[in-house]
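Engineer: output the structure for:
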Amino acid sequence: MVINFSTKTFVSIISALIICFYLLGVFWSFEPDNIDLQTEVTQDASADNVAPVIGYTTTTALIRVAETLLEKPGGYLSNDALPPSVFLDNIPSWEFGALEMIRDLSLVMRQEFSRSQSQSKENIHLKSAHPKFNIDHASWAMPSAESEYKKAIKALYSYRQELTEVNSQSSQFYARADNLRDWIAKVQKRLGSYSQRLSASVGRDQVNIDLAGDAQAKQSTHTASNMQVKTSWWQIDNEFYEARGACWALLHFLKAVEIDFNDVLENKNAKISVEQIIRELEYSQQAVWSPMVLNGDGFGLVANHSLVMANYISRANAALIDLNELLSKG
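Structural biologist: You can find the predicted model right below:
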């Protein structure tokens, strides 16, 4: 039997596929909702028949944020090689921002939160999880990013389970001010970078302050004393969504820290600072009603979403600096 397809039929099929791919791409591009962390902790502890201990909430936050990357609509998209996800860039940028925060926290948990001193033994589960989160986020085979992230999440579950075992001393979580400061220092640099890149959406002349504050400081090669800083128009939406993803993940991590480090924060009279940071990060997650990220000039007629996001991030970062100062005091 011979089947003849007319040009009209062929065009109709292609058009239908394009529309389906477009609608699917729009659905997959929706950002995940915020996680109700306290509910998740209560449900997990009840299912495991354990009482949440110090570190349980922070570990749960890290697990849930990582799982969201894999289980949101469309799954993990950054390494997809087929349509429609191969044509998407906003949500993969969002994923990368969240992943960077996951990597920072998993590193600090491995090196600081789980160790009593510099020469103490590393936790085997965190030692396994951390490098798996650092695989190339775009790797799709041998191994794929998803498979490594799943292994890392499994190791975190094992670590969390051992935290609750009264008769086991193999896994610990130390909620100390110096440990918390180590993590905050990493977050400060991350947010500072996002703020700089977002603010550069309009382009501006900037004085080189790389060696400021130290008269004897030197660098490898000479750089100009003044430079033009500008993020490409083609990249600004990626920068915007990467910052959104990072702020979304950080929001949940700070809510967990507020619980696990409660006594430390109260002792330093720093809980209000954490609450202020959380509030600024919540503002950064407000809905974007524009169909695209606009890049207006300064006080021009068109909005500049990047500058708005940079404002929230800068305020959160300033509050983090204040928090670090409070934690450093005796």
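Engineer: from now on I want contacts and neighbour counts done on CA atoms only, so please keep to that.
Structural biologist: OK.
Engineer: what strand or helix carries the most centrally placed residue in the chain?
Structural biologist: For the chain, the residue nearest the mean C-alpha position is A98 (2.4 Å; Cα atoms, centre = their mean). In the assignment (DSSP states H and E), A98 maps to helix 90-108.
Engineer: same check on A310?
Structural biologist: Per DSSP H and E: helix 305-328 holds A310.
Engineer: now do that helix, average pLDDT.
Structural biologist: Averaging pLDDT along helix 305-328 yields 92.
Engineer: also stretch 262-275?
Structural biologist: 93.
Engineer: which residues does the nearest residue to G74 once chain neighbours are set aside contact?
Structural biologist: Nearest in space to G74, with sequence neighbours left out and distances taken as Cα to Cα, 6 or more residues apart in numbering, is W28 at 5.3 Å. W28 makes contact with P73, G74, I91 under the criterion Cα atoms under 8 Å, 6 or more residues apart in numbering.
Engineer: how much space between W28 and I91?
Structural biologist: Here the criterion is Cα to Cα, to the nearest Å. By it, W28 lies 8 Å from I91.
Engineer: point out where the chain drops to low pLDDT.
Structural biologist: 1-5, 118-119, 203-218, 222-233, 297-301, 330 (pLDDT under 70).
Engineer: how about the strands in the stretch 101-250 of the chain?
Structural biologist: 204-207, 226-229 (DSSP state E, counting those that start in this stretch).
Engineer: what's the burial count for K150?
Structural biologist: 18 (other Cα atoms under 10 Å).
Engineer: what separation is there between it and L105?
Structural biologist: 17 Å.
Engineer: now do A270
Structural biologist: Counting by Cα to Cα - A270 and L105 are separated by 20 Å.
Engineer: swap in Y312?
Structural biologist: From Y312 to L105 the distance is 21 Å (Cα to Cα).
Engineer: now swap in V274 and tell me
Structural biologist: 17 Å.
Engineer: so between those two, which is more surrounded?
Structural biologist: Neighbour totals were compared for V274 and L105, and L105 leads with 24 against 19 (other Cα under 10 Å).
Engineer: please name the nearest non-neighbouring residue to the more buried one.
Structural biologist: Here the residue nearest L105, using Cα to Cα, 6+ apart, is W183, at 7.0 Å.
Engineer: correct me, but that neighbour touches V108?
Structural biologist: Yes. Counting by Cα atoms under 8 Å, W183 does reach V108; the two are 6.0 Å apart.
Engineer: overlap of the contact sets of those two?
Structural biologist: With Cα under 8 Å, 6+ apart, W183 and V108 have no common neighbours.
Engineer: ok, Q38 to G245 distance?
Structural biologist: Taken as Cα to Cα, the span from Q38 to G245 is 21 Å.
Engineer: neighbour count winner among the two?
Structural biologist: For Q38 versus G245, neighbours defined as other Cα under 10 Å are more numerous around G245 (27 against 15).
Engineer: what sits against S78?
Structural biologist: Counting by Cα under 8 Å, 6+ apart, S78 has contacts I91, P92, S93, E95, F96, H137, A138.
Engineer: list the contacts of the fifth one.
Structural biologist: By that I understand F96. By Cα under 8 Å, 6+ apart, the neighbours of F96 are S78, H137, E242, G245, A246.
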